[in-house]
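> model this:
(chains A and B)
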Amino acid sequence: MSTLSRMSLRIRVRPLRSASAPGVETTLGAVVVVLFALVALAAPLLAPYDPHAFSGQPLERPSPAHPLGTNDAGQDILSELLYGARISLAAGLGAALGTVALGLLVGAIAGYAGGPLDLLLMRLVDVMLTLPRLPFLILLAAFLGSGLVQTMTIISLLFWPATARVIRAQVQSQRQRGYVRMARNFGAGTGYVLRRHILPSIAPLIAFGLVAAAGRAVAMEAGLAFLGLGDPTAKSWGLMMRFALNLPGLLLTDRWLWWLLPPGLCITLLILALSYLGMGLEERWQPRLRRR
Amino acid sequence: MRARITSYLVTLWVVLTLNFLLPRLLPGDPLAALLDPQSSDYVFDAEVRAALEACYGLDRPLLVQYGAYLRGAVTGDLGQSIRLNEPVGELLTGHLPWTLLLTGSALGLASLVGLLGGAEAAWRRGSAADRLLTAVSVVTSNAPVYFLGMMLLIVFGAELGWFPLAGGRTPFSHYDSIPAATADVVKHLVLPALTLTLSLLGIQFLLVRNNMVAILGEDFMLVARAKGLKPARLKWRHALRNTLLPFVAHLAAQAGLAITGAVFIETLFQYPGMGRLIFEAVGARDYPVIQGVFLLVAIVVLTANLLADWLNTRLDPRLAEEVSR
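Here you go, the predicted structure:
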């Protein structure tokens, strides 16, 4: 690229936001995600009790011994909350990896192979994208059974098409580029071209694909648990809300304040942080998307 | 348009086939445990086992079962609910109107407010109001819908007591008049519909706003302004009209989102729609009902998609040419 055209590109991009400095929301999102990750890792150190231990009377109000009171089984709510970060983040990470791996595989094959295989795979993507997602998710969850691994598998099976479509478009456009065609004409093998030329060009897509998928996966895991389709032994934030709402007349007392609200706030905060981080990454790598 | 219809028919066939194959491929079918020698629930009496298989048609070849299933789906015979021992078809027709009422009113309200608000925000882009609305929209469209619902339920249902906490209408009530019945249904609808509206509104608003901002920078807007047209005419006739295209194109996706939101909202508010039905069916492992809901929702979403496509080709004739090519 000549100096002149690079300059003109810069000038167009500059007034919006300088390319090197991420926005406040992106930084804030990253900080919140890291904080939650730290809490998840340090949960045994931070939590006053084992979240499964019956450490108090049922339905205790907040006190120095139980800062957020106890649930209807007499388990410490703060400890549940701290350990819950592990489930949400684990589900988010696992499902995001699964989603992106599947999307990458299908997208790269379709984009690189082209022809009838590409057509077939993209038709599959179209069909998957028009299916009503949550009812399909419920159907799968009902038949596959509940468990954290099943939840992650189900989410991956459902969310890969969007990633596949983006990856395919990028692979296809890269494949047509002069330098890739030249490399192939010089006798470069498929593996070499993929590794050396295609992969670097889709790396940013993978990065924000992961973050976006993690956000959706965290939301879905909590949603499934909330609907009673998650792992009944994994105390996630979604399951905490479900148990809280199951208590008759919960909203008629002020109990929701320390039992329902904290897990709701945590899950919302984590999802928002991941979305802001994803949007920031997307803007950074695709400056055309920059908000005006 | 014909190509679109064909593609939707293919999708519908995939849905039907998935619905048929999933219970037969995956573990977890309640009947499988009774027929599997490895299971602790295995029925030892060979005659009972044969009767069970015959009753559900499992002794027939897979293709014959598939044919019977397709015939049933076309004629509306979706089997029998295990939990309630009622035909699934009747359960669905009883619950569908509530979900249509909830999603329809929320989609309508969100579209109206999103269009007008988005246009106004784009017109005054950069102002404090625009920045605030944009920030709020990002939050409400990303926050889990059940969290939004919980907040509304706590504030307006429990604390202020303005609206009922649960249900679609007052239980065991007899209405003297149609207005009284309507008022009761509307009172129960407000909070669930408001929750769904909030969660859909953010995306609608951002979509309209961002597209309108792009259009306001187009040359034809400059020309229109130079002609001395009044600002109101510029805004509504020239800019908003061109924003309608991406807006309508996105409505189909919104229908899918609305259904997802409705499942959570109906669970939270114990609203008697499809979401509530599938939630209760899951709790009781009532597979025929889960499958029936999935099928019906898929059909509703596909129809909404088709409608949006049709509307789009009407709005933009270029698309019709593209599609028919």
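
> alpha carbons only for contacts and neighbour counts from here, please
OK.

> isn't A:Thr163 right next to A:Val106, touching?
No: using C-alpha atoms under 8 Å, A:Thr163 is not in contact with A:Val106; the gap is 9.1 Å.

> Where does pLDDT dip in the chain?
All of this refers to chain A. A:1-22, A:285-292 (pLDDT under 70).

> That was the other one, I meant chain B.
The model of chain B has pLDDT under 70 over residues B:26-44, B:49, B:52-53, B:56-59, B:172, B:319-325.

> got the contact list for the most centrally placed residue in it?
The residue lying closest to the centre of chain B (C-alpha atoms, centre = their mean) is B:Ile259, at 2.0 Å. Counting by C-alpha atoms under 8 Å, 6 or more residues apart in numbering or on different chains, B:Ile259 makes contact with A:Pro132, A:Leu134, B:Thr103, B:Val297.

> Give me the common contacts of A:Thr163 and A:Val106.
Common neighbours of A:Thr163 and A:Val106 are not found (criterion: C-alpha under 8 Å, 6+ apart).

> Okay, and the residue of the stretch 1-150 of chain A found nearest chain B sits in which element?
Proximity to chain B, evaluated over the stretch 1-150 of chain A using C-alpha to the nearest C-alpha, is greatest for A:Phe143 at 4.9 Å. Assigned by DSSP states H and E, A:Phe143 belongs to helix A:133-144.

> Could you list the residues in contact with that helix?
Contacts for helix A:133-144 (C-alpha under 8 Å, 6+ apart): A:150-151, A:154-155, A:158, A:224, A:229, B:22-23, B:26-29, B:256, B:259-260, B:263, B:282, B:285, B:290-291, B:293-294, B:297.

> close to chain B, is the longest helix along chain A?
Once chain A is assigned using DSSP state H, the helix that runs over the most residues is helix A:77-113. No: counting by C-alpha under 8 Å from any C-alpha of the partner chain, chain B is not contacted by helix A:77-113; separation bottoms out at 13.7 Å.

> For chain A, list the residues in contact with chain B, please.
Where chain A comes near chain B, counting by C-alpha under 8 Å from any C-alpha, the residues are A:127, A:130-136, A:138-140, A:142-145, A:219, A:223, A:227-229, A:251-252, A:264-265, A:268, A:271-272, A:275, A:291-292.

> mind running it again at 6 Å?
A:Val127, A:Pro132, A:Leu134, A:Pro135, A:Phe143, A:Leu251, A:Gly264, A:Thr268 (C-alpha under 6 Å from any C-alpha of the partner chain).

> what two of the residues you listed are the furthest from one another?
Greatest spacing in the residues of chain A next to chain B, by C-alpha to C-alpha: A:Val127 and A:Leu251 (41.5 Å).

> Of these two, which one has the most company?
A:Leu251 (21 against 18; other C-alpha atoms under 10 Å in any protein chain shown).

> For the closest residue to that one other than its chain neighbours, give its distance to A:Glu60.
Distances taken as C-alpha to C-alpha, 6 or more residues apart in numbering or on different chains put B:Ala158 closest to A:Leu251, at 5.9 Å, once the chain neighbours are dropped. For B:Ala158, the distance to A:Glu60 equals 21 Å [C-alpha to C-alpha, to the nearest Å].

> Flag every buried residue along stretch B:147-154.
By neighbour count, with 16 or more other C-alpha atoms under 10 Å in any protein chain shown as the criterion, the buried positions of stretch B:147-154 are B:Phe147, B:Leu148, B:Gly149, B:Met150, B:Leu152, B:Leu153, B:Ile154.

> Test my guess that the third one contacts B:Leu194.
Read that as B:Gly149. No: at 8.4 Å, B:Gly149 and B:Leu194 do not qualify as touching, with contact defined as C-alpha atoms under 6 Å.

> circling back: next structured bit after the longest helix of chain A?
Downstream of helix A:77-113, the next assigned helix or strand under DSSP H and E is helix A:115-130.

> distance between that next one and the chain's centre?
Computed by C-alpha atoms, centre = their mean, to the nearest Å, the chain-centroid distance of helix A:115-130 equals 24 Å.

> can you pull out the helices in chain B?
Taking DSSP H as the criterion, chain B contains helices spanning B:2-25, B:30-35, B:46-55, B:62-75, B:88-123, B:128-142, B:145-152, B:178-216, B:219-226, B:231-233, B:241-269, B:274-283, B:287-315, B:317-324.
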